[in-house]
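S.K.: structural data only, the sequence is not supplied:
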């Protein structure tokens, strides 16, 4: 496979030092050498390395790259490794051949799809996720046990990742489908973060209002699906009683998101396209701080008011994290602190509180037009769920 890819590269550019026969022979020689002992294999590897250096010196004036030379050494090492781990070696060979074949798409992605500013943002995101996050405590640091630094910072990372995913997807496949796919996928992690992240994009580039709204609504649809899974795990009986209202809200969210996708031009662009920022760290930090305050308030209410405070605290938690609020509601239902009817309407209240928080966040980050459209979609969704539940409890519908 590696030889075929290099053979085609050589016919296209004339710069490859080895084709299908050379790579096949190198693999054969390396396989025999490793069976004769590590000393023989080492000698073959050194000899091939010397030949690769000589080939590089000869071709350097026309081609300064090292891909062909490294591929030759890779074939030798993979052939030797295959004598001990054949399946893994074969998988690595496929990956190697794929990387060699994807030269033009990878170059286009690095040079054209990503801007210099986005590379800077990607480094900041990687540092936040891989350097800062592992060092933060994963245990609560407050007396009520609600503030977990690692969990809050994970939200900061997610807000930045949403902005990065949305911008890269928009550049790769256009605003119409790029934002929609990025929003829906990110919604499984945090629809609140998606609403805030795309609101920031709308604030900077108002022309992207429609695709951003669709992405935010699809993120809420994904969050609703995940919420149903959480509810089904915590209380299958409560999920069964709320299945039709949740389905009604999901259908409304999907319908509300569709106009933004249909009306967005395939090649929708924004001013200052190359210099656009994927996210702002300050925005993510403020969102995490606001959620921390809400969690502390909910803990205080729960401690101060008892069972009634627990229900009120659930509504407060819904402003920041709907899945945690749903899990809390399911626990109250399981402990028989709430009846089935109270729990069902409590779920509607949780959805309403979560929607209200997202509308407020949309207004702060994306402006009035963005908030009105987000509020319209979410409001109609909650209304559809409430009406469906009311009809269901009256017995005039399923």
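M.R.: Right, received. Where do you want to start? The model shown is predicted, which means the values in this text are computed figures rather than measured ones. Numbering: from 1, shown residues only.

S.K.: shaky segments in the stretch 51-200 of the chain?
M.R.: 60-64, 113-114, 146, 159, 162-163, 166-176, 189 (pLDDT under 70).

S.K.: quick check: which element contains the residue nearest the centre of the chain?
M.R.: Central residue check for the chain by C-alpha atoms, centre = their mean: the C-alpha nearest the mean position is that of residue 186, 4.6 Å away. Secondary structure from DSSP states H and E places residue 186 in helix 175-187.

S.K.: then residue 141?
M.R.: Counting by DSSP H and E, residue 141 is part of no helix or strand.

S.K.: so which elements touch the next helix or strand after the helix holding residue 186?
M.R.: On the C-terminal side of helix 175-187, the closest following helix or strand by DSSP H and E is helix 191-204. Using 3 or more C-beta pairs under 8 Å, 6 or more residues apart in numbering; DSSP states H and E as the contact criterion, the secondary-structure elements in contact with helix 191-204 are helix 149-173, helix 175-187, helix 209-234, helix 281-318, helix 340-366, helix 368-394. C-betas here are computed from N, CA, C, even on glycine.

S.K.: okay, the angle between helix 191-204 and helix 340-366?
M.R.: Angle of helix 191-204 versus helix 340-366, following axes from the mean of the first three to the mean of the last three C-alpha atoms, to 10 degrees, is 30 degrees.

S.K.: can you say which of the helices and strands packed on helix 191-204 is nearest to residue 44?
M.R.: Taking C-beta to C-beta as the measure, these were each checked against residue 44, and helix 149-173 came out nearest at 42.2 Å.

S.K.: lowest-confidence stretch among the helices and strands packed on helix 191-204?
M.R.: Ranked by mean pLDDT, the helices and strands packed on helix 191-204 end with helix 281-318 at the bottom, a mean of 66.

S.K.: sorry, back to before: just put the helices and strands packed on helix 191-204 in a markdown table and tack on distance to residue 248.
M.R.: As requested, the helices and strands packed on helix 191-204 are arranged in a markdown table below (distance: least, C-beta to C-beta, whole Å):
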| stretch | distance to residue 248 |
| --- | --- |
| helix 149-173 | 27 |
| helix 175-187 | 18 |
| helix 209-234 | 11 |
| helix 281-318 | 19 |
| helix 340-366 | 11 |
| helix 368-394 | 4 |
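
S.K.: which of those sits closest to residue 4?
M.R.: For residue 4, the closest of the helices and strands packed on helix 191-204 is helix 149-173, at 27.5 Å, according to C-beta to C-beta.

S.K.: quick one: closest of the helices and strands packed on helix 191-204 to residue 252.
M.R.: Among those, the nearest to residue 252 by C-beta to C-beta is helix 368-394 (4.3 Å).

S.K.: now the angle between helix 191-204 and the closest one, please.
M.R.: 150 degrees.

S.K.: for helix 368-394, buried residues please.
M.R.: Within helix 368-394, the residues scored as buried using 16 or more other C-beta atoms under 10 Å are 370-371, 373-375, 377-379, 381-382, 384-386, 388-389, 392.

S.K.: one more: stretch 198-218?
M.R.: Neighbour-count burial for stretch 198-218, with 16+ other C-beta under 10 Å as criterion, is recorded at 198-203, 205, 208-218.

S.K.: do stretch 234-242 as well
M.R.: Taking 16+ other C-beta under 10 Å as the neighbour-count basis, stretch 234-242 is seen to contain the buried residues 234, 235, 238, 239, 241, 242.

S.K.: cool, and stretch 143-152?
M.R.: Across stretch 143-152, burial judged by 16+ other C-beta under 10 Å covers 146, 147, 148, 149, 151, 152.

S.K.: got the end-to-end distance for that stretch?
M.R.: Using C-alpha to C-alpha, to the nearest Å, the gap from the first to the last residue of stretch 143-152 comes to 17 Å.

S.K.: so for stretch 236-252, mean pLDDT?
M.R.: Averaging the model's pLDDT scores along stretch 236-252 yields 92.

S.K.: could you number the chain from 54 rather than 1 from now on?
M.R.: Yep, numbering from 54; the last one is stretch 289-305 now.

S.K.: other residues contacting it?
M.R.: Outside of stretch 289-305, the residues that reach it under the criterion C-beta atoms under 8 Å, 6 or more residues apart in numbering are 274, 277-278, 280-281, 284-285, 382-383, 386, 393, 396-397, 400-401, 404, 430, 433-435, 437-442, 445, 450-451.

S.K.: can you list the domain ranges for this protein.
M.R.: In terms of domains, the chain is parsed into 55-154, 169-447 (source: automatic domain parsing).

S.K.: could I get these as CSV with distance to residue 163?
M.R.: CSV is the format used below for these (distance: least, C-beta to C-beta, whole Å):
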stretch, distance to residue 163
domain 55-154, 13
domain 169-447, 9
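
S.K.: buried ones in stretch 145-165?
M.R.: By 16+ other C-beta under 10 Å, the buried positions in stretch 145-165 come out as 145, 146, 149, 150, 153, 154.

S.K.: with stretch 280-289 instead?
M.R.: Residues of stretch 280-289 classed as buried: 280, 281, 283, 284, 285, 287, 288 (neighbour count, 16+ other C-beta under 10 Å).

S.K.: next one: the first one from residue 446, what distance?
M.R.: Read it as residue 280. Counting by C-beta to C-beta, to the nearest Å, the gap from residue 280 to residue 446 is 21 Å.

S.K.: equivalent analysis for the second one, please.
M.R.: Distance, residue 281 to residue 446, using C-beta to C-beta: 19 Å.

S.K.: do the same with the fifth one
M.R.: Distance of residue 285 to residue 446, given as C-beta to C-beta: 20 Å.

S.K.: which residues are in contact with stretch 177-193?
M.R.: By C-beta under 8 Å, 6+ apart, the surrounding residues in contact with stretch 177-193 are 199-204, 206-207, 209-210, 213-214, 217, 332, 334.
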